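Participant: Structure for this input, please:
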Amino acid sequence: MCWAGPHGTPTETGHDRTRSKSLQGSIFEKEAEMKSKGSSAKDKGKRGERMWRDELRACGWEATRTGWHQAAVGHESKDVSCPAIPIHWEVKFTEQMSLAEWKKQIAADCRDGEIPVIAWKKAYQPWLAMLDAKHLLEILKHTDLKALEESLQVK
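Facilitator: Presented below is the predicted three-dimensional model:
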């Protein structure tokens, strides 16, 4: 393809340097914009992890955000640690659900003896926890269902 010169006429080399520089500028601007979006997405993820940690604490469990450990241990660490609960939390605070991708990630990160649970929140929406039905049924087998029923009637 031949680029047109400033007045719509083809340049001798078929390339207009002015056009090239402006095109390069827009590419660099888009890269900078993408980097800043990536940074804000990471910040949003960190906020989500802190929010989920706070939800667990509000229920009386000791919980900490372990995101800063993830880079040091090769990304195998849970997003939020709660020693009293054998759950590997993968926390997502995003508008778009990518369930297949998230399940693949948590399956790779989860250790034996942990139940993989994805805690997902969209802006201005309540938290949603996703886990395999077999794990839900296992949790229910070990739950005081009478106390659960009473707790639900109180609310």
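
Participant: tell me which element T143 falls in.
Facilitator: Assigned by DSSP states H and E, T143 falls within no helix or strand.

Participant: count of neighbours near L56?
Facilitator: L56: 20 surrounding residues under other Cβ atoms under 10 Å. (Glycine included, C-beta is placed from N, CA and C.)

Participant: same check, this time on E138
Facilitator: Residues within reach of E138, counting by other Cβ under 10 Å, total 13.

Participant: Next one: E90, what pLDDT does it get?
Facilitator: At E90, the predicted lDDT confidence score is 93.

Participant: can you tell me the helix or strand for it?
Facilitator: Secondary structure assignment for E90, by DSSP H and E: strand 87-93.

Participant: got the CA positions of the helix or strand just after that strand in PDB?
Facilitator: Beyond strand 87-93 on the C-terminal side, the first helix or strand identified by DSSP H and E is helix 99-109. Provided in PDB are the C-alpha atoms of helix 99-109 (Å, rounded to 0.1, in the frame of the first residue of the first chain):
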ATOM      1  CA  LEU A  99     -15.600 -18.700  34.300                       C
ATOM      2  CA  ALA A 100     -13.700 -21.300  32.100                       C
ATOM      3  CA  GLU A 101     -10.500 -19.300  32.400                       C
ATOM      4  CA  TRP A 102     -11.000 -18.800  36.200                       C
ATOM      5  CA  LYS A 103     -11.700 -22.500  36.800                       C
ATOM      6  CA  LYS A 104      -8.500 -23.400  34.900                       C
ATOM      7  CA  GLN A 105      -6.500 -21.000  37.000                       C
ATOM      8  CA  ILE A 106      -7.900 -22.200  40.300                       C
ATOM      9  CA  ALA A 107      -7.500 -25.800  39.300                       C
ATOM     10  CA  ALA A 108      -3.800 -25.200  38.700                       C
ATOM     11  CA  ASP A 109      -3.300 -23.200  41.900                       C
END
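
Participant: Quick check: mean pLDDT of helix 99-109?
Facilitator: Helix 99-109 carries an average pLDDT of 93.

Participant: And that helix, what's buried?
Facilitator: Using 16 or more other Cβ atoms under 10 Å as the test for burial, helix 99-109 gives 102, 105-106, 109.

Participant: now swap in stretch 46-54 and tell me
Facilitator: Across stretch 46-54, burial judged by 16+ other Cβ under 10 Å covers 46, 48-49, 51-53.

Participant: can I assume W120 sits in a strand?
Facilitator: Yes - assessed with DSSP: H, G, I helix; E, B strand; the rest coil, W120 lies in a strand.

Participant: Fine by me, we can end here.
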